[in-house]
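In: Return atomic coordinates for the entry below.
(one chain, ligands or ions: 3)
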Amino acid sequence: MENRDRGFEPLGKVLAREKENLTGTPRNEQKAGIRTSPPAEPECPICKGGGWVYPSLPPGDPMYWQVVRCECKAEEDRINRERLLLRSCELPQGSVEYTFENFERYAGIEEAYDVALKLAEGSEDLLWLTLQGDYDCGKTHLLIAICRSWLARGRPARYAMAPVLLDELRAGFHPRNEDMSYQERFDFFKNVPLLAIDDLGAESPTSWAREKMDTLFDWRHFHRLPLVVTTNLGLKELGGRIHSRLQRFVPSKVVTLKVGEYRLRRKGAKKCGRN
Ligand SMILES: Nc1ncnc2c1ncn2[C@@H]1O[C@H](COP(=O)(O)OP(=O)(O)OP(=O)(O)O)[C@@H](O)[C@H]1O
Ligand SMILES: [Mg+2]
Ligand SMILES: [Zn+2]
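Out: Ligands and ions are numbered 1, 2, ... in the order given. Take a look at the predicted model:
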């Protein structure tokens, strides 16, 4: 099928035609045609591997010069975007298993699981979630599972342990981008579509730290931006302002995980011969 019939033609071909029109000199491809590196894959018949095409439009159309991505690059672009999103989320190494599929939804933990899933799916009725509870009961697992689902839907998210978030702001550099100024970094935490703060309350309670956290919470509250928090503390211990935001904000939910350590549960299950 003629490429033009499919609505697209290679950028190189269009440019060559334009050049011919301007100079009257046809491009002699045979003359220059010594291939230095053969293409790894068969070339796309539409863009000839360039990845960008002009939609076939009549000359004079206002969009005539607009280039668009060729359909052959859709999968590659999707994978690259996924990689970029994953890298910028900064999930901890060793957390690949922290997904909803790998989370055991047993008695006492159902509500936390269901609400986490709801937020992960981008429900409008739930924008903030606080997971509160003792050690090793699955809070971080659920928080990271939310981030992973969010990323899988192509939406940016950022994971940060509360003390690390503050350290990053304090140190004035970003691990992967040393040029990022303090203000840019703070703006990023303020505006990223999903912010996941692990272990809130584990940071040093300096007045500077409190002020930054208050500002961050206020901003995200004011702009109705999704937020997930885990904490070992009671809400009151998190400070009056944050406590009030976590409770007052309407699409916000606080769930207390009233279950023991998962490790002990597994041990118990093994003893009883269950998986
Ligand atoms: N319901 C569950 N199903 C599967 N794995 C679980 C479950 N609950 C906890 N785990 C596993 O137990 C370990 C501890 O869980 P996690 O780190 O989420 O605990 P936590 O509540 O964040 O604890 P802490 O307050 O100490 O940070 C992890 O390896 C996690 O994958
Ligand atoms: Mg944790
Ligand atoms: Zn193509």
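In: Next, the contact list for the residue sitting nearest the centre point of the chain, please.
Out: A centroid search over the chain (Cα atoms, centre = their mean) returns residue 156, at 2.7 Å, as the residue closest to the centre. Residue 156 sits next to 85, 88, 89, 150, 192, 193, 194 when contact means Cβ atoms under 8 Å, 6 or more residues apart in numbering. Where C-beta positions appear, they are placed from N, C-alpha and C, glycine not excepted.
In: Quick check: chain neighbours aside, which residue is closest to the last one?
Out: On the basis of Cβ to Cβ, 6 or more residues apart in numbering, the spatially nearest residue to residue 194 that is not a chain neighbour turns out to be residue 157, at 3.9 Å.
In: any idea how far residue 254 is from the one you found?
Out: Separation of residue 157 from residue 254 (Cβ to Cβ, to the nearest Å): 20 Å.
In: same thing with residue 46?
Out: Going from residue 46 to residue 254 by Cβ to Cβ gives 53 Å.
In: who's more crowded, the two?
Out: residue 46 (19 against 16; other Cβ atoms under 10 Å).
In: how about the more buried one, secondary structure?
Out: coil (DSSP: H, G, I helix; E, B strand; the rest coil).
In: what's the pLDDT at it?
Out: In the predicted model, residue 46 carries a pLDDT score of 91.
In: Now the stretch 101-250 of the chain against ligand 3: closest residue?
Out: Closest contact between the stretch 101-250 of the chain and ligand 3, by Cβ to the ion, is at residue 154 (21.4 Å).
In: surely that residue meets residue 86?
Out: No. Using Cβ atoms under 8 Å, residue 154 makes no contact with residue 86, being 11.3 Å away.
In: out of the two, which sits in the more crowded spot?
Out: Taking neighbours as other Cβ under 10 Å, residue 154 and residue 86 compare with residue 86 leading, 15 against 10.
In: ok, now which ones touch that one?
Out: Residue 86 sits next to residue 151 when contact means Cβ under 8 Å, 6+ apart.
In: For the helix or strand in which it is found, list the C-alpha coordinates in PDB.
Out: Here residue 86, judged by DSSP states H and E, is contained in helix 74-89. Taking C-alpha atoms only, helix 74-89 is exported to PDB below (Å, rounded to 0.1, in the frame of the first residue of the first chain):
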ATOM      1  CA  ALA A  74       4.200   3.700  20.100                       C
ATOM      2  CA  GLU A  75       5.400   0.600  22.000                       C
ATOM      3  CA  GLU A  76       9.000   1.900  22.300                       C
ATOM      4  CA  ASP A  77       7.700   5.300  23.600                       C
ATOM      5  CA  ARG A  78       5.400   3.500  26.100                       C
ATOM      6  CA  ILE A  79       8.300   1.400  27.500                       C
ATOM      7  CA  ASN A  80      10.600   4.500  27.700                       C
ATOM      8  CA  ARG A  81       7.900   6.500  29.400                       C
ATOM      9  CA  GLU A  82       7.300   3.700  31.900                       C
ATOM     10  CA  ARG A  83      11.100   3.500  32.700                       C
ATOM     11  CA  LEU A  84      11.300   7.200  33.200                       C
ATOM     12  CA  LEU A  85       8.300   7.200  35.500                       C
ATOM     13  CA  LEU A  86       9.700   4.300  37.500                       C
ATOM     14  CA  ARG A  87      13.100   6.000  37.900                       C
ATOM     15  CA  SER A  88      11.600   9.400  38.900                       C
ATOM     16  CA  CYS A  89       9.400   7.600  41.500                       C
END
